[in-house]
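Visitor: Requesting a structural model of the entry that follows:
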Amino acid sequence: MDSILNEVEVRVVGSLVEKQLTTPEYYPLTLNALTHACNQLSNRDPVVSYDERTVVRALDSLREKRLAVVVHASDSRVPKYKHLMMEAFGFTTQQELALMCVLMLRGAQTLGEIRARSGRLYSFKDLSETEATLEALIKREPQPLVVRLPRLPGQKEARFAHLLAGEVEQEEREAAAPTRAEAATVAVRAEDERIARLEAEVARLRAELDVIKGQFDDFKKQFE
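Guide: Below you'll find the predicted structure:
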C-alpha cells in the first residue's frame, strides 16, 4: 500500500480496526455503526463529526487502496464493512495492529500513553514489549509505518506517530493540539452533563413510581 491516506480515511480504517478488536460480535460494521464509531467522543483525537456521505467517500477510496472491503452477509439487509490492514501490511501479530490503531485514532503519543491506551486492543506485558513493537514498525521494510518524533522544548519524552498520512509535521501538530484537546474536553463535558441529566430524570421517575405504588397498595388494603 503505497498511497497516502487523508485524515478521514485514517479515522475510518482506524475505527474499523478498533471495533474488530474490542467488539468482534458486532463486526463487520454497517455504515451507520461505522459513522458513529468515527464520531465517538472517547478514545479519539481530534473529535470529529462526519456525516455518512463523508464516510462513504472514504470507504470508496479505501476499497480502491485495498484497505477495506464491503461484505454482503446473508443475514443482513444492509452492506457491512471490514478493514484489510493485516493483509495490506502483512502484519503477523495483533500487537502491531493494536499500536497502529491507537496511533491512527489518537495521534502522536508517548510510549507510556500508547501502552495505556492500547489496553482494550491488546494487553502489553510492559513498556519493553510496547517499545519493541514500535521499533519493528519504525524499521519496517520497504518503508516504515511509524516514526519517533524528536522531543520538543519542555517535553520529557519523545512521541511516536504513524506515517499512513505521510510525513508528520510536528510543529503544525503541536500548534493544533491545544485546540483539539480543548474541543475534546468540551465535547466530553457536554456528554457528561447530558448523562447526569438523564440519571436525574430516571431518579425522579423512580421516586414518582414509588409514590404511585404506595398509593396503589393503600387502595388495595381498603378491599381486604
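
Visitor: Going by C-alpha atoms from here, please, whenever you check contacts or count neighbours.
Guide: Will do.

Visitor: Okay, strands next: where are they in this structure?
Guide: Per DSSP state E, the chain carries strands over the ranges 29-30, 68-71, 80-83, 109-110, 146-149, 159-162.

Visitor: can you list contacts of the fourth one?
Guide: In other words, strand 109-110. Leu103, Glu157, Ala158, Arg159, Phe160, Ala161 (Cα atoms under 8 Å, 6 or more residues apart in numbering).

Visitor: so where's the chain uncertain?
Guide: By pLDDT under 70, the low-scoring segments of the chain are 1-2, 170-193, 224.

Visitor: could you redo the contacts of strand 109-110 as CSV and give each row distance to His72 and neighbour count?
Guide: CSV is the format used below for these (distance: Cα to Cα, whole Å; neighbours: other Cα atoms under 10 Å):
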residue, distance to His72, neighbour count
Leu103, 30, 23
Glu157, 46, 14
Ala158, 44, 14
Arg159, 40, 21
Phe160, 37, 22
Ala161, 34, 24
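
Visitor: gap between the residue lying closest to Val70 once chain neighbours are set aside and Leu127?
Guide: Take Val70 and drop its neighbours on the chain: the residue closest to it by Cα to Cα, 6 or more residues apart in numbering is Tyr81, 4.6 Å away. Between Tyr81 and Leu127 the computed distance is 33 Å (Cα to Cα, to the nearest Å).

Visitor: Which one of these two is surrounded by more residues?
Guide: Tyr81 (20 against 14; other Cα atoms under 10 Å).

Visitor: Return the set of residues that bridge with that one.
Guide: With DSSP bridges as the criterion, the beta-bridge partners of Tyr81 are Leu29, Val70.

Visitor: From Phe219, how far out is it?
Guide: Distance from Tyr81 to Phe219, by Cα to Cα: 57 Å.

Visitor: do Glu18 as well
Guide: From Glu18 to Phe219 the distance is 55 Å (Cα to Cα).

Visitor: which of these two has more neighbours?
Guide: Taking other Cα under 10 Å, Glu18 and Phe219 do not tie; Glu18 has more neighbours (22 against 11).

Visitor: one step back: of all pairs in the contacts of strand 109-110, which one is the farthest apart?
Guide: Across the contacts of strand 109-110, the longest distance by Cα to Cα is 16.2 Å; it joins Leu103 and Glu157.

Visitor: Hmm, Arg115 is touching Leu121, no?
Guide: No: taking contacts as Cα atoms under 8 Å, Arg115 lies outside contact range of Leu121: 10.1 Å.

Visitor: Okay, helices next: where are they in the protein?
Guide: For the chain, the helices defined by DSSP state H cover 7-22, 31-39, 52-64, 85-89, 94-106, 111-117, 127-138, 170-221.

Visitor: how about the shortest one: buried residues?
Guide: Looking back up the chat, that one is helix 85-89. By 16 or more other Cα atoms under 10 Å, the buried positions in helix 85-89 come out as Met85.

Visitor: Work out the gap between that helix and the centre of the chain.
Guide: Computed by Cα atoms, centre = their mean, to the nearest Å, the chain-centroid distance of helix 85-89 equals 18 Å.

Visitor: Give me the contact list for that helix.
Guide: Met1, Val17, Arg66, Leu67, Ala68, Phe91, Thr92, Leu97.

Visitor: His162: how many residues sit nearby?
Guide: Using other Cα under 10 Å, His162 has 25 neighbouring residues.

Visitor: which residues does it contact?
Guide: Met100, Leu103, Met104, Gly107, Ala108, Leu145, Val146, Val147.
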